[in-house]
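> Sharing a model prediction with you, sequence too.
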Amino acid sequence: MHIFANPARFVRLANQILPWAIAIMALTLPYGLYLALIASPPDYQQGDSVRIMYIHVPSAWMAMFTYMVMASASLAALVWRHPLALVAGKAAAPIGAVFTALALITGALWGKPMWGTYWVWDGRLTSVLILFFLYLGYMAIWQAMDDEETAGRAASILALVGVVNLPIIKFSVDWWNTLHQPASVIRLDGPTIHADLLGPLLWMAVAMKAYFIVTFLWRMKLEINKRKLAVIQMNMVNAHG
Amino acid sequence: MTSPSLLTIFTALIQRDIKLAWSQGGAGGMTLGFFLIAISLFPLGIGPEASTLAKISSGVIWVIALLACLLSLDRLFQADFEDGTLDDLSLSPINFELIVIAKAIAHWSATILPIIIFAPLLAALLNMPEVGYKMLLISLLIGTPALSLIGSIGAALTVALRRGGVLLTLLVLPLYIPTLIFGVGAIEASITLTDPAPHLALTGAVTLVALIISPFASAAALRLALE
């Protein structure tokens, strides 16, 4: 992993991955959306409102996945002091926050026709809301402190503490038997969801993962460039001062 | 001169913090005052109808206890950080994890314990059914140590910030939610005459997890602040 401690080498690698990720996103996102919104059959019970699922479920997956990325980066930052780990955590947080918000909003929109209410204080919904707050807290610490290194490591501590929430989200539908339906795709005995619905869902999941890789690498490159710029400015000030 | 044992330092730290909390403008008394006043606002805001108050009483008491705890948290490490006591402590034989536990114990006994003692009185004012009183005390006793412990993480993370209060709220409140849910759940269960044991077990589990995680997280944050 320390091969990539050199930012220049990381940027080279990122530049190699980016075109592929962009290509995958450009292919899967339109196709996935076409399948999800037009080509797939409406659900026999839910009608066309089932199409919200194709945005909602992959967003929720990405909300948790991004937190795992952020938390792993935080661990690497605190334990091995990997120089790029703080950059990675900082880059991942807003993406994860947006995915979480998207999952909450689409969930509310889906809840209205299905459950008759935008929001219930059900275990799954509440724990995802906590996830959203954790993202906000992580970003707030970054902003509250002037020194980048201190801010990043303080935020990393919070990110690691918040990992406790991930299993709660995963198992909330089993522990609290309320409105949210139990897991139907990722389960031991195979998905219980019909193949017609599963296809578009998986296409959308791949598209969102590719979108994540693209924005994540972009944001990391941006952060590295910002730091380079800060160093250049500092050198200029020192040279003239 | 023999150096004092860890236990001596540990108990001395707790005693010192409790004394400070009650002497320095009475942080403990202030928190208790906030608790009493904030709760008395509910009958005024919602209306004095007894059945409504009875329904919300357990939740209101827990939420206000949580906010009262939050109110006193930002001073948990800050005074010691500002006057250099934390630097001193970092040189003493006791490690930061134990310091955090000592401070959490002191915070709990100086500010939360008074709240718990007054809780049944307020439960009576809010017309809580009498069967709930015992469970109110038990759930607060089991659950509130988690508030001090989890709160110490937020307090340690924001210790170096001049205006850390709002940030502290944002960091700590989400982590308080499980304690709140299970704590209130136990009281509700005992009022509706169902078995409160599962809720209590979960409340205790949250406290135990907080006891394991918080000292390390807070200690890491304190070391960071002292760097």
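Structure's in. What do you need?

> Looking at chain A, which residue is nearest chain B?
Closest contact between chain A and chain B, by C-beta to the nearest C-beta, is at residue A:133 (3.9 Å). For every residue, glycine as well, the C-beta is placed using N, CA and C.

> so what's that residue closest to, chain neighbours aside?
Excluding the flanking residues, the one nearest residue A:133 by C-beta to C-beta, 6 or more residues apart in numbering or on different chains is residue B:174, at 3.9 Å.

> how about that neighbour, what does it touch?
Taking C-beta atoms under 8 Å, 6 or more residues apart in numbering or on different chains as the criterion, residue B:174 is in contact with A:130, A:133-134, A:137, A:162.

> does it belong to a helix or a strand, and which?
Here residue B:174 sits within helix B:165-191, counting by DSSP states H and E.

> what's downstream of that helix, the next helix or strand?
helix B:197-226.

> Taking chain B, what residue is nearest to chain A?
residue B:174 (3.9 Å).

> so what's that residue scoring on pLDDT?
As predicted, residue B:174 sits at a pLDDT of 90.

> ok, now how distant is it from residue A:61?
Residue B:174 sits 21 Å away from residue A:61, going by C-beta to C-beta, to the nearest Å.

> cool, residue B:208 as well?
From residue B:208 to residue A:61 the distance is 30 Å (C-beta to C-beta).

> any weak-confidence spans in chain A?
Applying pLDDT under 70 to chain A flags residues A:1-5, A:175-179, A:182-192, A:241.

> How about the residues of it by chain B?
By C-beta under 8 Å from any C-beta of the partner chain, the part of chain A that sits against chain B consists of A:78, A:126, A:130, A:133-134, A:136-137, A:140-141, A:144-145, A:150, A:153-154, A:157-158, A:160-162, A:164, A:168.

> hmm, 7 Å instead?
Residues of chain A found near chain B (C-beta under 7 Å from any C-beta of the partner chain) are A:126, A:130, A:133-134, A:136-137, A:140-141, A:144-145, A:150, A:153-154, A:157-158, A:161, A:164.

> Mark which of those residues are buried, thanks.
Buried members of those, counted by 16 or more other C-beta atoms under 10 Å in any protein chain shown: A:126, A:130, A:133-134, A:136-137, A:140-141, A:144-145, A:153-154, A:157-158, A:161, A:164.

> Among these, which lie within helices?
A:126, A:130, A:133-134, A:136-137, A:140-141, A:144, A:153-154, A:157-158, A:161 (DSSP state H).

> Low-confidence stretches in chain B?
Counting by pLDDT under 70, the ranges of chain B that qualify are B:1-3, B:24-28.

> next one: phi and psi at residue B:115?
When read as degrees, to the nearest 10, the backbone of residue B:115 gives phi -60, psi -40.

> Same check on the one 10 residues further on?
In terms of degrees, to the nearest 10, the main-chain angles of residue B:125 are phi -60, psi -30.

> Can you get me a residue count around it?
Using other C-beta atoms under 10 Å in any protein chain shown, residue B:125 is surrounded by 15 other residues.

> and if you look at residue A:180?
Using other C-beta under 10 Å, residue A:180 has 18 neighbouring residues.

> How about the contacts made by it?
A:122, A:124-125, A:173 (C-beta atoms under 7 Å, 6 or more residues apart in numbering or on different chains).

> Just say helix, strand or coil for it.
Three-state assignment for residue A:180 (DSSP: H, G, I helix; E, B strand; the rest coil): coil.

> how much space between the nearest residue to it once chain neighbours are set aside and residue A:64?
Of all residues not flanking residue A:180 in the chain, residue A:124 sits nearest, at 4.1 Å (C-beta to C-beta, 6+ apart). Relative to residue A:64, residue A:124 is positioned 12 Å away (C-beta to C-beta).

> Need the overlap of contacts for the two.
Counting by C-beta under 7 Å, 6+ apart, the residues touching both residue A:124 and residue A:64 are residue A:169.

> the more surrounded of these two?
Neighbour totals were compared for residue A:124 and residue A:64, and residue A:124 leads with 24 against 19 (other C-beta under 10 Å).

> The more buried one reaches residue A:173, doesn't it?
Yes: contact criterion C-beta atoms under 7 Å: residue A:124 and residue A:173 qualify, at 5.3 Å.
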